[in-house]
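Colleague: any chance you could fold what I've pasted below:
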Amino acid sequence: MGQRTQIAIVIEDKVNKKNTLKVYHDQWGLGRRMYLVLMSLANKYYFEGNSYNVENFVKNFEVDTNEVRKIWEKNISESDVHKMMTPEGAEDLVFSHCDNNNGGLVIRVAVNDWSNRDKNIFEFGFLMGYEDARMSENALRFGKAFSRWLSAEEFASIDINKEYADEEFISMFNQFTKYFGLRSIASEVKAEVR
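Modeller: Numbering: from 1, shown residues only. Next comes the predicted model:
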């Protein structure tokens, strides 16, 4: 029961040469929920303790909502970091092992420098889940589950999300991510294809 989604967060700490994968389950992850989780994490990344502290964020952050619970946390290899940045790899490493029907969110924070945020990367991608792919309209537009990164607009247009993640909300979300330099994996993939 519920719109079962996961949020997978990859922390690529190049300073300490340590990569961590944290996976959270959200029983009701539809509509605006994953967008708001991403915005909350970005807020912590940029403003933790009213001062910029990437090291504190990387070592201590958690998704802190009562409805979202951590499933697991583990160290991963550099090759697993790269695998997580593909839809099929994210499905293989995370989503196929979870109770998932409505997709997920992958966030990657790559830390190259503790003191200079501009040298670091904060990127995200949305993925369509198994139940969503069974709906013919979604399958025609986006293919099979976990087959490609979706933009914020595309993820919001999936049937289950439409009612809650309206055009005005998505516009605000896109302005937020642009302002803070958060990169959409879907946009990067589209740019590479051109």
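Colleague: strands of this structure, start to end?
Modeller: 5-13, 18-26, 68-75, 104-111, 121-127, 183-184 (DSSP state E).
Colleague: relative to E62, which of the ones you listed is closest?
Modeller: strand 68-75 (7.0 Å; Cβ to Cβ). The way it works is simple: take the backbone N, C-alpha and C, and place the C-beta from them, glycine included.
Colleague: give the buried residues for that closest one.
Modeller: V68, I71 (16 or more other Cβ atoms under 10 Å).
Colleague: which stretch among the strands of the chain comes nearest A139?
Modeller: Closest to A139 of these is strand 121-127 (Cβ to Cβ; 14.1 Å).
Colleague: can you name every helix or strand that the closest one contacts?
Modeller: Packed against strand 121-127 by the contact rule (3 or more Cβ pairs under 8 Å, 6 or more residues apart in numbering; DSSP states H and E) you find helix 33-47, helix 87-93, strand 104-111, helix 152-157, strand 183-184, helix 185-193.
Colleague: using JSON lines, lay out the ones you listed together with mean pLDDT and mean neighbour count.
Modeller: Below are the helices and strands packed on strand 121-127 laid out as JSON lines (pLDDT from 0 to 100; neighbours: other Cβ atoms under 10 Å):
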{"stretch": "helix 33-47", "mean pLDDT": "83", "mean neighbour count": "19"}
{"stretch": "helix 87-93", "mean pLDDT": "94", "mean neighbour count": "19"}
{"stretch": "strand 104-111", "mean pLDDT": "92", "mean neighbour count": "23"}
{"stretch": "helix 152-157", "mean pLDDT": "92", "mean neighbour count": "20"}
{"stretch": "strand 183-184", "mean pLDDT": "94", "mean neighbour count": "17"}
{"stretch": "helix 185-193", "mean pLDDT": "69", "mean neighbour count": "14"}
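Colleague: could those go into TSV alongside distance to A165?
Modeller: Converted to TSV, the helices and strands packed on strand 121-127 look like this (distance: least, Cβ to Cβ, whole Å):
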stretch	distance to A165
helix 33-47	7
helix 87-93	20
strand 104-111	13
helix 152-157	4
strand 183-184	15
helix 185-193	15
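Colleague: of all the ones you listed, which lies closest to V58?
Modeller: Proximity to V58 (Cβ to Cβ) singles out strand 104-111 among the helices and strands packed on strand 121-127, at 5.8 Å.
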